[in-house]
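In: predicted model follows, preceded by the sequence.
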Amino acid sequence: MPALLPPALEPFLDLLRCPVCRARLRPDRVSLRCPEGHTFDIARQGYVSLLTGIRATSGDDAAMVQARNRFLSTGRYAPVHQSLTRMTADALPAQGTVVDIGCGTGHYLAGVLDQLPGTRGLGLDTSARALRSAARAHPRAAAASWDVFRPFPLVDQGVDVVLDVFAPRNPSEFHRVLRPTGRLIVVRPIERHLAELRGQIPAMVTIDPDKEQRLQQALDPYFQATRTQHVEYTTPLTRQEAIDLVGMTPSARHLTHADLSGHGSLPSQVTVSVLATSYQPR
């Protein structure tokens, strides 16, 4: 039986490594296998399950993925997406490789690839539910299950751009997999982000006022910031969009759908306020 390798995954065989022994991976029917016999299934939806047998720390559940797909399809976060794409384009060679850490449904990675036709992309995430969407988000986007807090199943210095959009971070691994000329692009919320929603839904996760200081301390041994853009604007929200916006964030783990759908008053507009920073390896 020939290997059923998704077309977007094939170009990444030179970049991927066995997470157990670090050997190269080769297609073997409906899986990837290393010479030592470690085997990782390729799901019928197109992503490879590199986390087989390992408990992930967290991941979006089905409801969070559905909320994320619905909300991001509205275009309310388009200015964030545009800023991310511009930074990525500035950092990439003509035939570049982008890895999106905590890629979720692959929305941001797909948007980057749409604008950069010579680029290939790989999304890593713990959530099988999200990866079902990520593996189909773009013809040049591959997807694999992985935990950001573990050593990445990738070669040293093989990546041109690492994207980290509203996702956890592993600075030492970012540094290891990036080429010396590569860039890390981090998008994160700051104090005013979703302030109207947080004001009306006290159970929402707050933004730590020391977040920026902790980020700088974590990245400083490995990276130097080269450019930061503050993206802030107000966007209208329907009631369903407000519910989905909360439902796709970590706050959803502290709220039930009934908590949101039964909430008497939700804001009709919300402030989006994020920082996008491009970092070069030290």
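Out: Happy to help now that I have it. This one's a predicted model, so the numbers in the text were calculated from it and none came from an experiment.

In: longest helix of this structure, counting residues only.
Out: Among all segments of the chain classified by DSSP state H, the helix with the greatest residue count is helix 78-91.

In: what comes into contact with that one?
Out: The set of residues that contact helix 78-91 without belonging to it, under CB atoms under 8 Å, 6 or more residues apart in numbering, is 98, 107-108, 111-112, 115-116, 160-161, 163, 165, 182-183, 185, 187, 227, 229, 231, 233, 272, 274, 276, 278. C-betas here are computed from N, CA, C, even on glycine.

In: buried subset of the residues you listed?
Out: Among these, those classed as buried by neighbour count (16 or more other CB atoms under 10 Å) are 98, 107-108, 111-112, 116, 160-161, 163, 165, 182-183, 185, 187, 231, 272, 274, 276, 278.

In: hey, where'd the strands end up in the stretch 1-150 of the chain?
Out: Taking DSSP state E, counting those that start in this stretch, the strands of the stretch 1-150 of the chain run over residues 26-28, 31-33, 39-41, 97-101, 120-125, 141-145.

In: chain center to the second one, what's the gap?
Out: Strand 31-33 has its C-alpha centroid displaced from the chain centroid by 24 Å (CA atoms, centre = their mean, to the nearest Å).

In: report how many residues lie close to residue 268.
Out: Look at residue 268: counted by other CB atoms under 10 Å, it has 12 neighbours.

In: make sure it is actually in contact with residue 234.
Out: No - no contact is recorded between residue 268 and residue 234 when judged using CB atoms under 8 Å, the distance being 10.6 Å.

In: can you tell me which helix or strand residue 224 belongs to?
Out: Element membership for residue 224 (DSSP states H and E) is strand 223-236.

In: so who does residue 187 touch?
Out: Contact analysis of residue 187 by CB under 8 Å, 6+ apart lists 80, 83-84, 163-166, 274-276.

In: try 10 Å
Out: 80-81, 83-84, 87, 108, 163-167, 229, 231, 274-277 (CB atoms under 10 Å, 6 or more residues apart in numbering).
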